[in-house]
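A.B. asks: With the sequence up front, the predicted model follows.
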Amino acid sequence: MSSLPEGYPHIPLDVLPAWGGPVSTGRIRQQVEDFQVSEVPLVKACGEGEHSWLQVQKTGSNTQWVANQLAAFAGVKSNAVSYAGLKDRHAVTDQWFSVHLPGQPEPDWAALQHDEFRILSFQRHQRKLKTGALKGNRFVLTVRSIDGDTADIDRRLGQVAAGGFPNYFGPQRFGRGGSNLASAAQMFACRKRKVPRSKRSIYLSSVRSALFNRVLSARVAEASWNQVKPGEAVQLDGRSACFVVTAIDDEILERLAGGELHPTGPLCGDGESLCTGAAAAFESASLQPYTAWIEALSSARVAVARRSLRIMPGSLTWQHQPDGCLTLCFYLPAGSYATSLLAEIFRLEDAA
């Protein structure tokens, strides 16, 4: 990370793997088809309304650039087009967009032809597609340059399939060399400096993500990332709401072991932590060096939230190819990183 203003200590970005460390090298995104992602939206378009929802497959292109192409074709301003989230450029992604067309007929979307994207389907809806309105993503990934033993790889993948993996934010969250954190510190240190809203959001998110990763890495270090502490705020699998565990009984342990419940970690900001007791004490100790960062988030009126420490990948399957590559298929809930799953098996090199 580049130099930081006085008062904002360096936040380490390294994290600990949960299952003993990688068992092989691996290279991802060597070809654009090696990384395929399909969005699973929260809701389906109802068939009527002033918003046209489009399912678009893009190849090697930027999400905002595609949005601009859709706006130009429909004859609307770029802010009339929205999407649930950004997707990797060096990938093949099936992604949803919405275009606001009040009182306008449906454009001839079939006539929109481009080498870098194509429209798979479209349907009207009453509301625009909001940021974050995703249930999850399905992945088909190819890992190349593998040098590990096949049996070791299969064993590790079996552990991840059965026990999940730490829900770390991926390194792409922090910018090259942690540049997003450095920019966030500069923004906090010079509050009169105007920062575009889009960049401000990225910088604030990067700080919360780095602090969450510190707590999760500390939980991995003491082998409690998949366990419940007294006073723990836990989430139901696939849900965002939390409740506090005051008594760790057999029912809680059974639901935890079955992947129905997950311990959570803090997304720091303004407000009181939901957890209490030993869980709250652990988080406080883990974050004590970074008080200045947390106070800055609070001053920015970023509301506190919780995030699951553990993710159970859905329908994880894999196949070793004749050319030595490995193909993996799985589902992850929105906000989780495929690279965090892969890092439990491989020392990754990202060609993107």
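C.D. replies: Here it is on my side, so go on. Residues are numbered from 1 along each chain as shown.
A.B. asks: who touches the nearest residue to Glu6 once chain neighbours are set aside in this structure?
C.D. replies: Spatial nearest neighbour of Glu6, excluding adjacent residues (CB to CB, 6 or more residues apart in numbering): Ala189 at 7.9 Å. All C-beta atoms are positioned from the backbone trio N, CA, C, and that covers glycine. Counting by CB atoms under 8 Å, 6 or more residues apart in numbering, Ala189 touches 5-8.
A.B. asks: Ok, Ser340 next?
C.D. replies: Contacts of Ser340 (CB under 8 Å, 6+ apart): 165-170, 311.
A.B. asks: In the protein, which residue is most central in space?
C.D. replies: Closest to where the C-alpha atoms of the chain average out (CA atoms, centre = their mean) is Gly335, at 3.0 Å.
A.B. asks: Okay, helices next: where are they in the chain?
C.D. replies: Assigned by DSSP state H, the chain shows helices spanning 63-74, 150-163, 179-189, 197-221, 250-257, 277-287, 291-299, 338-342.
A.B. asks: quick one: which of the ones you listed is nearest Leu316?
C.D. replies: If you check each of these against Leu316 by CB to CB, helix 150-163 wins as the nearest, at 4.4 Å.
A.B. asks: Which strands or helices does that closest one pack on?
C.D. replies: strand 314-320 (3 or more CB pairs under 8 Å, 6 or more residues apart in numbering; DSSP states H and E).
A.B. asks: Neighbours of Gly47, how many?
C.D. replies: By other CB atoms under 10 Å, 10 other residues sit near Gly47.
A.B. asks: what's the distance between it and His125?
C.D. replies: Between Gly47 and His125 the computed distance is 8 Å (CB to CB, to the nearest Å).
A.B. asks: so where's the stretch 1-150 of the chain uncertain?
C.D. replies: Residues of the stretch 1-150 of the chain that meet the criterion pLDDT under 70 lie in 1-2.
A.B. asks: thought Phe122 was touching Val56?
C.D. replies: No - if you go by CB atoms under 8 Å, Phe122 and Val56 don't touch, sitting 9.1 Å apart.
A.B. asks: So between the two, which is more surrounded?
C.D. replies: Higher neighbour count among Phe122 and Val56: Val56, with 27 against 18, using other CB under 10 Å.
A.B. asks: is that one in a bridge, and if so with what?
C.D. replies: Gln95, Ile119 (DSSP bridges).
A.B. asks: That one: what's it in contact with?
C.D. replies: Residues near Val56 by CB under 8 Å, 6+ apart: 66, 70, 94-97, 117-120.
A.B. asks: what do you get if the cut-off is 10 Å, keeping everything else the same?
C.D. replies: Counting by CB atoms under 10 Å, 6 or more residues apart in numbering, Val56 touches 39, 63, 66-67, 69-70, 83, 87, 93-97, 109, 112, 114, 117-122.
A.B. asks: count of neighbours near the residue nearest to Val245 when sequence neighbours are not counted?
C.D. replies: Counting by CB to CB, 6+ apart, Glu232 is the residue found nearest to Val245 once chain neighbours are left out, at 4.9 Å. When neighbours are counted by other CB under 10 Å, Glu232 registers 29.
A.B. asks: pretty sure Glu232 is touching Ala278, no?
C.D. replies: Yes - at 8.2 Å, Glu232 and Ala278 qualify as touching, with contact defined as CB atoms under 10 Å.
A.B. asks: okay, and the common contacts of the two?
C.D. replies: By CB under 10 Å, 6+ apart, the residues touching both Glu232 and Ala278 are Ser224.
A.B. asks: any idea how far the residue nearest to Asn68 when sequence neighbours are not counted lies from Lys194?
C.D. replies: Take Asn68 and drop its neighbours on the chain: the residue closest to it by CB to CB, 6+ apart is Ser78, 5.4 Å away. Going from Ser78 to Lys194 by CB to CB gives 21 Å.
A.B. asks: Filter the contacts of Val56 down to just the buried residues.
C.D. replies: With neighbours counted by 16 or more other CB atoms under 10 Å, the contacts of Val56 contain buried members at 39, 63, 66-67, 69-70, 83, 87, 93-97, 109, 112, 117, 119, 122.
A.B. asks: Run a quick check on Val99 versus Gln69, I expect a contact.
C.D. replies: No - with contact defined as CB under 10 Å, Val99 does not count as touching Gln69 (11.1 Å).
A.B. asks: Quick check: neighbours shared by these two?
C.D. replies: With CB under 10 Å, 6+ apart, Val99 and Gln69 have common neighbours Val81.
A.B. asks: Tabulate the helices of the chain (JSON lines), appending distance to Asp270.
C.D. replies: Below are the helices of the chain laid out as JSON lines (distance: least, CB to CB, whole Å):
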{"stretch": "helix 63-74", "distance to Asp270": "29"}
{"stretch": "helix 150-163", "distance to Asp270": "34"}
{"stretch": "helix 179-189", "distance to Asp270": "14"}
{"stretch": "helix 197-221", "distance to Asp270": "11"}
{"stretch": "helix 250-257", "distance to Asp270": "30"}
{"stretch": "helix 277-287", "distance to Asp270": "15"}
{"stretch": "helix 291-299", "distance to Asp270": "4"}
{"stretch": "helix 338-342", "distance to Asp270": "27"}
